[in-house]
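Sharing a sequence plus its predicted fold:
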Amino acid sequence: MRVRQLSNILAGLNYLRAPVAGRRAVPIDLEIGGSSMDLTTDIGFANCLYHAANLREGGACMAAPVCGSFVFMSRGSTQRSIANPMGQGESCRIGNLLVSRLCVVLLICAAKCVWFCVEQPGTSIMEYHTLFQRFIKIVAVRKLKFMMGDYGAPTLKPSILYSSHRAVDLLPNYQVRRRLVKKQMVKRYMDGKGKPRVCGGADLKRSQAYPKQFLG
C-alpha cells in the first residue's frame, strides 16, 4: 500500500499533478476518473475515503467542492441563503451531498494530522451548510478571503479558503503585481418577462485553474 502525501479532491481538470514539491499526489474528481471518483456514488466515496485514510501524517488534502449551487448566480433557482443554506432542487441535493461527504473526509484528515484546505468562490455560502457548520465546531478552521488576481490570475476572482493550517494566514505575503485581462465572468440579460437575470460568462469555467503563484 503506497502512502500518499497529497490528495486533491473535486479537483476538476485543473488538478494538482504529482509530484508536487516532491510529494506524491492523487487527484479525485468525476471528470478525471468517472464513477470511481464520483463522490455522489458509493464506490466513488469509498475510493475517496481510502485515499484519505492512506495519507501520511503531515500530508495535505486540497478540496474544491462544486460551487454552482452555492454562488450568487444560482440563488434564484436554488433558493439558497444564509437562512436557508440547504436550498432546493437537484443541483442543491448534489451539492449538499458532496459537502456532507467531504466533511467526513476532512474529519479523517484531522484525525490523522493531515492538514486540509478547501477553496470556494467569494460569493459561495457553502460554509453555512448544516454539516459544515457542525464540522467547524469540532475542528479548528481558519478562513481567509483573497483575490486570485493577486497571485497571477488574469481576473480578480474573489475567493475563500478554509484551512486547518495556520500557514494560510501567510498567503498575503506572496502577492504579485496584478496583470488583469478583461474576461466575461458574468453575463447579465433580461428574460422574456423583462426581468433582469445573471448567469456564468464564457470565461467563468476556465477561471477555476489556480495560478502558479497561488500554488507556490
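Looks like it came in fine. Bear in mind that the values here come from a model prediction, so they are computed numbers and not experimental data.

Point to the residue nearest the middle of this structure.
Nearest to the geometric centre of the chain sits residue 64, at 1.7 Å (CA atoms, centre = their mean).

so that residue touches residue 117, yeah?
No. Taking CB atoms under 8 Å as the definition, residue 64 is not a contact partner of residue 117, at 9.3 Å. The C-beta positions use only the backbone N, C-alpha and C, and glycine is treated the same way.

Surely residue 109 touches residue 61?
Yes. Applying CB under 8 Å as the test, residue 109 and residue 61 come out as touching, 4.8 Å apart.

and these two? which has more neighbours close in?
Legend: neighbour count by other CB atoms under 10 Å for residue 109 and residue 61, higher for residue 61 (27 against 23).

and the more buried one, what element?
Remark: residue 61 resides in strand 55-63, with elements defined by DSSP states H and E.

go on, residue 96?
Under the criterion DSSP H and E, the helix or strand holding residue 96 is helix 90-111.

just to revisit the earlier point, joint contacts of residue 109 and residue 61?
Common neighbours of residue 109 and residue 61 are listed as 52, 55, 115, 116 (criterion: CB atoms under 8 Å, 6 or more residues apart in numbering).

I'd like the distance between residue 169 and residue 106.
Distance check for residue 169 against residue 106: by CB to CB, to the nearest Å, it reads 19 Å.

Would you mind telling me which of these two has the busier surroundings?
For residue 169 versus residue 106, neighbours defined as other CB under 10 Å are more numerous around residue 106 (25 against 11).

part of a strand, is residue 117?
Yes. When DSSP: H, G, I helix; E, B strand; the rest coil is applied, residue 117 is found to be in a strand.

so who does it touch?
Applying CB under 8 Å, 6+ apart, we find residue 117 in contact with 60, 61, 62, 63, 161, 162, 163, 164, 165, 168.

again with residue 149
By CB under 8 Å, 6+ apart, the contact set of residue 149 is 155, 156, 157, 178, 180.

Identify the farthest-apart pair in these.
In terms of CB to CB, the contacts of residue 149 reach their longest pairwise distance at 157 and 178, which sit 11.4 Å apart.

what about the two, which has more around it?
When residue 157 and residue 178 are compared for neighbours, residue 157 comes out ahead with 21 against 14, by other CB under 10 Å.

Mind pulling up the pLDDT for that one?
According to the per-residue confidence, residue 157 scores 89 in pLDDT.

Please apply the same query to residue 9.
We note a pLDDT of 71 for residue 9 in this prediction.

Likewise for residue 29?
At residue 29, the predicted lDDT confidence score is 82.

Around it, how many other residues sit close by?
Residue 29 - counted by other CB under 10 Å - has 22 other residues nearby.

Got the phi and psi for it?
For residue 29, the backbone dihedrals (degrees, to the nearest 10) come out as phi -170, psi 150.

Which positions in stretch 147-165 come out as buried?
Across stretch 147-165, burial judged by 16 or more other CB atoms under 10 Å covers 147-157, 159-164.

now swap in stretch 97-113 and tell me
Counting neighbours by 16+ other CB under 10 Å, one finds that the buried residues in stretch 97-113 are 98, 99, 101, 102, 103, 104, 105, 106, 108, 109, 110, 112.
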